[in-house]
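**Q** this one's sequence-less:
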């Protein structure tokens, strides 16, 4: 499965301790805004076609703007991957236990569909019970431990791609891929906003696609 990322996301390593550049803050703030998490400062984005500069703050308006920016950049990645139409299945959040719940991936999927109607949002996966949050340190990142708790997905049709907010080790993407494959679906692509990086890349918004192995 090939994973496509909008931007890098600073990981917890000494490489990110000091001297952040503007692009580092922009990538971090985009992810934070999409996830509805607070951050300090602001980021400027250029809205096309008028090339109007819009400013993202850590507030409700900034969260809506982050979804617009992320949705646009994700559609660009779909185009780059040659995917014109697909069913977009978001990885459920740790607290998603009912189909149709509001969570980050579902909002992202709807933002994508809002820009390209042939990329259909399908937030149908959920967990059988609330799971520990991975970013708090108590969550599970091994796909084989996540897989037994996944539910839903029956009735999906057409080419399917996975969607997540941030990929670190890829356990949740692997689990969702195997879960859907057991239902007879072939999953060749996944898309994320942020790819956790422990070393600084040459370009924060040009992260090479990578193959996520079993």
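**A** On my side now, so go ahead. Everything numeric in this text was worked out from a predicted model, so none of it was measured. Residues are numbered from 1 along each chain as shown.
**Q** tell me which residues touch residue 87, please.
**A** 120, 122, 156-161 (Cβ atoms under 8 Å, 6 or more residues apart in numbering). Every C-beta, even on glycine, is put in place using the N, C-alpha and C of the backbone.
**Q** report the buried members of those.
**A** 120, 122, 156, 160-161 (16 or more other Cβ atoms under 10 Å).
**Q** of those residues, closest to residue 31?
**A** Closest approach between the buried ones among the contacts of residue 87 and residue 31, by Cβ to Cβ: residue 161, at 19.5 Å.
**Q** show the pLDDT at that closest one.
**A** Per-residue confidence (pLDDT) for residue 161: 98.
**Q** show me the beta-bridge partners of it.
**A** Note on residue 161: beta-bridge partners residue 88, judged by DSSP bridges.
**Q** before we move on, what SS does the spatially most central residue of the chain have?
**A** Centroid check for the chain by Cα atoms, centre = their mean gives residue 165 as the closest residue, at 2.3 Å. Of the three states, residue 165 takes strand according to DSSP: H, G, I helix; E, B strand; the rest coil.
**Q** what about it, distance to residue 14?
**A** For residue 165, the distance to residue 14 (Cβ to Cβ, to the nearest Å) stands at 25 Å.
**Q** mind listing the helices for this protein?
**A** 22-34, 60-80, 104-115, 143-146, 171-181 (DSSP state H).
**Q** list the buried ones in the last one?
**A** If I follow you right, that is helix 171-181. For helix 171-181, the neighbour count (16+ other Cβ under 10 Å) marks 171-180 as buried.
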